[in-house]
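In: Need a 3D model of the sequence below.
(chains A, B, C and D)
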2 protein chains.
Amino acid sequence: MATAAMKSASARSAHKRHAIQEAGTAVFLELGYEAATMEQIAARAGVSKQTVYNHFLSKDRLFKATIADLTAGLMAPLALHTHGKATPASRLSALGLDLLTLMLQPSSLALHRLIVAESARFPELGAEIYAVGAGRMLAALAEYLAWETRNGRLSVDDPELAAEQFLGILTGRMQLRALLGAEPLPERAELERRAAKAVECFLAIYTIRRPQAGAGAGLAAG
Amino acid sequence: MATAAMKSASARSAHKRHAIQEAGTAVFLELGYEAATMEQIAARAGVSKQTVYNHFLSKDRLFKATIADLTAGLMAPLALHTHGKATPASRLSALGLDLLTLMLQPSSLALHRLIVAESARFPELGAEIYAVGAGRMLAALAEYLAWETRNGRLSVDDPELAAEQFLGILTGRMQLRALLGAEPLPERAELERRAAKAVECFLAIYTIRRPQAGAGAGLAAG
DNA sequence: CCTAAAGTGGACTAACGAGTCCAATCTAGC
DNA sequence: GCTAGATTGGACTCGTTAGTCCACTTTAGG
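Out: Got it, this is the predicted structure:
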């Protein structure tokens, strides 16, 4: 990520650079791009303003670096553990809960707010973040669904659409409510309930219907 | 809405007030709260800055008035036409298409961006807008679903959750992509396809299962 | 210990924007 | 026409902020 600017930097320098970026993250998330000031960031990093400018040429440069890194960091822990032995139900449940937990975290919400707000000012950033975040997630999920379909465990005709539907059915308008502060954040139990419901519905649609009678089909899992 | 400030106002005055509010809407939507300036708004309204301050005491007051009115205006044309004779399928399809069309309109997107961005600065505004917008919509839909369930045409155990699921399955991540400019806006045909798919899935889950044979068991429960 | 790179602090520019003030002008209704 | 309220425009205050400059100090490595 950090390229030319690092070349002549000593260990101390790299350390400061990192501190600045962290401070930038915090301040931008808290106040938004416009309202955040370089002095605040410098102060928070325990560094002089000049040093900030030595490392990042301008406010936008700092902003972009900051946001890109943060997004990557937030998405990292999410994994779909494709190609294992677990059932679709259990895998989707786990993924669902992880996703809900992640996307309702204060830092995710703040990041979301920030990017949505500034995507007009930094158009390429919006697209990039989508690709790295939700886009990558959706692609992985779609691929997984296609794979399970080839396996004969699901019956998904349009994996991209189905992946979106899963995400949609999972989150509903929770994220919006959280973003607008229209409601206290739901507790873990509620998230589990939502995830379970979402998986149940999703599988109701896309599980292969056994030709034979009886209850076999549906919900083995939970 | 307009209260004390209107009392002594002549028709000319009211007209200017309206122009200011329109200009405010446009400029705030375009630039965001911080970046919008009162002078720009005044210029756009064809009015002096002082007149803006005569009508709206400060920038936040203008902002709040502007946004509240705009939201109400945007939501107005949406109607669920409850209590008619049409089938759930046709009603939900119509609603779905209306919703997608509305929420992907540039002005809706801009409003969304703005509110999400500023909900930290104006906390009560976020909650209010949610209540007037998505919240009201969800409530109406939930009520409709409950009604159809009482009618015996659907089988919805948790109408609030189901309403959210419908919205979720309908929109997926389209709105996010549009907000981030990650993709050109879909055409009407695509929206129709999405709406149809969403209704199909939703009804697959919540249509009453005939007691006769088949795979019924699994999911009716919940 | 010396040197060179890195960092510091604080003064400084230049711009910009919210909000105020005021003298001059417009407009409607009487 | 006259008057009162509304409007205008432009000057003005005050605060803020991105970004620059520079003389001085710190630090690490040879």
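In: OK, contacts around the spatially closest residue to A:Leu62 that is not a sequence neighbour?
Out: Excluding its sequence neighbours, the residue lying closest to A:Leu62 (Cβ to Cβ, 6 or more residues apart in numbering or on different chains) is A:Phe56, at 3.8 Å. Where C-beta positions appear, they are placed from N, C-alpha and C, glycine not excepted. Applying Cβ atoms under 8 Å, 6 or more residues apart in numbering or on different chains to A:Phe56 gives the contacts A:Ala5, A:Ile20, A:Gly24, A:Leu62, A:Ala65.
In: what residues go with each domain of chain A?
Out: As given by automatic domain parsing, the domain ranges for chain A are A:12-57, A:65-206.
In: Can you verify my assumption that A:Leu161 contacts B:Lys197?
Out: Yes. Here A:Leu161 lies in contact with B:Lys197, judged by Cβ atoms under 8 Å, at a distance of 6.4 Å.
In: In helices, which of the contacts of A:Phe56 appear?
Out: Applying DSSP state H to those, the entries found in helices are A:Ile20, A:Gly24, A:Leu62, A:Ala65.
In: which parts of the helix or strand harbouring A:Thr101 are buried?
Out: Assigned by DSSP states H and E, A:Thr101 belongs to helix A:88-104. Across helix A:88-104, burial judged by 16 or more other Cβ atoms under 10 Å in any protein chain shown covers A:88-89, A:91-100, A:103-104.
In: Tell me the helix or strand right after that helix.
Out: Counting by DSSP H and E, the next helix or strand C-terminal to helix A:88-104 is helix A:106-118.
In: Which strands or helices does the helix or strand just after that following helix pack on?
Out: Helices and strands here follow DSSP H and E; after helix A:106-118, the next one along the chain is helix A:123-130. Packing partners of helix A:123-130 (3 or more Cβ pairs under 8 Å, 6 or more residues apart in numbering or on different chains; DSSP states H and E): helix A:59-75, helix A:106-118, helix B:174-180.
In: downstream neighbour of helix A:123-130 in the secondary structure list?
Out: Proceeding N to C from helix A:123-130, the next assigned helix or strand is helix A:136-151, under DSSP H and E.
In: Report the angle between that next one and helix A:88-104.
Out: Going by axes from the mean of the first three to the mean of the last three Cα atoms, to 10 degrees, helix A:136-151 is angled at 180 degrees with respect to helix A:88-104.
In: and the helix or strand following helix A:136-151, anywhere near chain B?
Out: Using DSSP H and E, the helix or strand that follows helix A:136-151 in sequence is helix A:159-171. Yes. Contact of helix A:159-171 with chain B (Cβ under 8 Å from any Cβ of the partner chain) involves A:Leu161, A:Glu164, A:Gln165, A:Leu167, A:Gly168, A:Ile169, A:Leu170, A:Thr171.
In: From the chain's centroid, how far away is helix A:159-171?
Out: Put simply, helix A:159-171 sits 15 Å off its chain's centre (Cα atoms, centre = their mean, to the nearest Å).
In: Can you name the residues in contact with that helix?
Out: If you take Cβ under 8 Å, 6+ apart as the criterion, helix A:159-171 is touched by A:92, A:96, A:99-100, A:103, A:134, A:137-139, A:141-143, A:145-146, A:149, A:156, A:194-195, A:198, A:201-202, A:205-206, B:165, B:167-174, B:194, B:197-198, B:201.
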